[in-house]
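# can't give you the sequence, but here's the structure:
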């Protein structure tokens, strides 16, 4: 009996460049794959589908894929570790791609992440989650061109000496998803040309800092980029970040010495960028605050791991 073990990354989503300005490619997203949290699933081939997953939307999408690709061999799938839902880590994309990979393996089908995305409805706005699964690293996508899933146009290994310190307020509301998210995009005003141009300039600074492993240049440009992202969504969030709590967490990360800060997607996860050698100092300072879930992780530079 065939068996497969799949370990995915998750991702931090640094934001979207263009909301509905017709003079530029729609959306355009930036992000980075991270090692933790992750999905670890173990799958065995089976005549029936057995998913150790409670989410009805995941089960529906996987069943849709099975029908579309005419898969006969199913799988019993057990989740060993999970990515929390709707907190800014892109859990839906990682889980659907992981399960899809297992089903393709058992049915002797070529795994095509972009075909799977089309069938299951992934990547309607951002291609960062798919890129994180396939390649890992720091990622920029193409933006939305016609109805195609955005492709990765820039990818770079993230320095091993840099870490992300991620803070999630306990008992916080989850980030927007599904219909709520699409409603927000419909209501948002188009991004002004001047802001888009500034964000594109900042992206070049971000890339320069990354390529030269200059954490100060990278972090400063990323923080400024995230402020512009916050302005893109200010109308809906009523602030640069999801709430006043998140603004306070950002200030905490700045006081501890983060080189760059921001909010991942709709939150509630916020992050700070540090050197790995600063981890003991950061832990000492952050431990003073209660009501915060803390995650410290390196970037993932390889994507999914298959065993």
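Sure, I can see it. Only a predicted model underlies this, so the values are computations on that prediction, with no experimental measurement involved.

# need the contact partners of stretch 299-307.
For stretch 299-307, the external contacting residues (CB atoms under 8 Å, 6 or more residues apart in numbering) are 4-9, 32-35, 97-98, 101, 132-138, 157-160, 162, 164. Yep, even glycine has a C-beta here, placed from its N, CA and C like the rest.

# buried residues in that stretch?
Under the neighbour-count criterion of 16 or more other CB atoms under 10 Å, stretch 299-307 has 299, 300, 301, 303, 304 buried.

# got it, and stretch 11-26?
Across stretch 11-26, burial judged by 16+ other CB under 10 Å covers 11-19, 21, 24-26.

# residue 294: which of those is nearest?
Lowest distance from residue 294 to these (CB to CB) belongs to residue 12, with 14.9 Å.

# give me the beta-bridge partners of the closest one?
Counting by DSSP bridges, residue 12 is bridged to residue 32.

# got a list of what it touches?
31, 32, 34, 88, 89, 164, 166, 264, 269, 271.

# which members of the contacts of stretch 299-307 are positioned in strands?
Judged by DSSP state E, strands contain the following of these: 4, 5, 6, 7, 32, 33, 34, 138, 162, 164.

# among the buried residues of stretch 11-26, which are in strands?
Among the buried residues of stretch 11-26, the members falling in strands (DSSP E) are 11, 12, 13, 14, 15, 16, 17, 18.

# so which residues of this structure form strands?
Along the chain, counting by DSSP E, strands occupy 3-7, 10-18, 27-34, 40-46, 50-51, 74-81, 138-141, 152-156, 162-169, 260-263, 270-275, 292-298, 305-306.

# domains in this structure, by residue range?
3-157, 162-298 (automatic domain parsing).

# need phi/psi at residue 302.
Main-chain torsions, residue 302, degrees, to the nearest 10: phi -130, psi -10.

# can you check which of the strands of the chain gets nearest to residue 235?
Of all the strands of the chain, strand 10-18 comes closest under CB to CB, at 13.5 Å.

# for the stretch 201-307 of the chain, which spans come out with low pLDDT?
Within the stretch 201-307 of the chain, not a single segment meets pLDDT under 70.

# run the last query once more with 80
Counting by pLDDT under 80, the stretch 201-307 of the chain contains low-confidence ranges at 236-239, 242-243, 290.

# what about the helices in it?
For the stretch 201-307 of the chain, the helices defined by DSSP state H, counting those that start in this stretch cover 215-232, 234-237, 244-256, 279-286.

# any idea which of those is most buried?
The highest mean neighbour count among the helices of the stretch 201-307 of the chain, using mean count of other CB atoms under 10 Å, belongs to helix 215-232: a mean of 20.

# now for that one, which elements pack on it?
The contact analysis (3 or more CB pairs under 8 Å, 6 or more residues apart in numbering; DSSP states H and E) places helix 215-232 against strand 10-18, helix 193-211, strand 260-263, strand 270-275.

# can you list the ones you listed in a markdown table and add distance to residue 220?
Converted to a markdown table, the helices and strands packed on helix 215-232 look like this (distance: least, CB to CB, whole Å):
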| stretch | distance to residue 220 |
| --- | --- |
| strand 10-18 | 14 |
| helix 193-211 | 8 |
| strand 260-263 | 7 |
| strand 270-275 | 10 |
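
# out of the ones you listed, nearest to residue 124?
Closest to residue 124 of the helices and strands packed on helix 215-232 is strand 10-18 (CB to CB; 12.2 Å).

# now the angle between helix 215-232 and the closest one, please.
60 degrees (axes from the mean of the first three to the mean of the last three CA atoms, to 10 degrees).

# how about the buried residues of stretch 11-26 in TSV, adding distance to residue 198 and pLDDT?
Below are the buried residues of stretch 11-26 laid out as TSV (distance: CB to CB, whole Å; pLDDT from 0 to 100):
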residue	distance to residue 198	pLDDT
11	24	98
12	21	98
13	19	97
14	15	97
15	13	95
16	14	96
17	10	97
18	12	95
19	14	92
21	13	93
24	13	92
25	16	91
26	18	93
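
# all good on my end, thank you.
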